[in-house]
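Participant: below are the sequence and a predicted model for it; my questions follow.
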Amino acid sequence: QIPLEEGGAQVSALLAGLFGVDGDSVYLSPAPMYHAAPLRFNMGVLALGATTVVMEHFDAEEYLSLIGTHDVTISQVVPTMFVRMLKLSDEARSRHDVSSLNAVIHAAAPCPVDVKRRMIDWWGPVLHEYYAGTEGNGFVYCNSEQWLAHPGTVGFPVTGIVHICDDDGEEVDVGSEGTIYFEGG
């Protein structure tokens, strides 16, 4: 049993409820543990009795190889990792079996529309995106189907209430640019 702070318990609930992680899941972690998301996701996966495979550093072809070697079902990446995988030759990409993947979660930076579309074309509708605060103040989410219906979206709020505000903190009209604020976290 791994003791978890409240945030860790929330991540476990999120992993189980939104991504179907259970004791049979295998999580591939390609990002450094000094970042909040990889650390908390690994803790959450372990708390659910699943297996984690942790890379010392990200290498695109090694990442693909590990998916097939360990029958990885879930992973969390950043968009730069997608770009690096897409830069591999067709031969290198086709050498690796990624069919065990049920969910690949990405966050931490905007994902270019063309990159995400190419990844969905390659891996199927297993991509999930979120935008959130490390502090647990809010969580916005979309799956592949939702994204394909609205390319570029990061989805809808799962926790917290989202406000888009101007420089004075006043809400702007729908479709206007502004600063994102989460209420209720």
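Facilitator: Great, that's in hand.
Participant: is the residue lying closest to Arg95 once chain neighbours are set aside in a helix, a strand, or coil?
Facilitator: Once flanking residues are discounted, Arg95 sits nearest to Leu64: 7.7 Å by Cβ to Cβ, 6 or more residues apart in numbering. Any C-beta I mention is one placed from the backbone N, CA and C, and that applies to glycine too. Under the three-state scheme (DSSP: H, G, I helix; E, B strand; the rest coil), Leu64 adopts helix.
Participant: hmm, Arg84 and Leu64 touching each other?
Facilitator: No: in this structure Leu64 lies outside contact range of Arg84 using Cβ atoms under 8 Å: 10.4 Å.
Participant: joint contacts of these two?
Facilitator: When contacts are counted by Cβ atoms under 8 Å, 6 or more residues apart in numbering, the set common to Leu64 and Arg84 is empty.
Participant: so those two - more neighbours on which side?
Facilitator: Neighbours per residue (other Cβ atoms under 10 Å) separate Leu64 from Arg84, with Leu64 holding more: 20 against 15.
Participant: name the single longest helix found in the chain.
Facilitator: helix 6-19 (DSSP state H).
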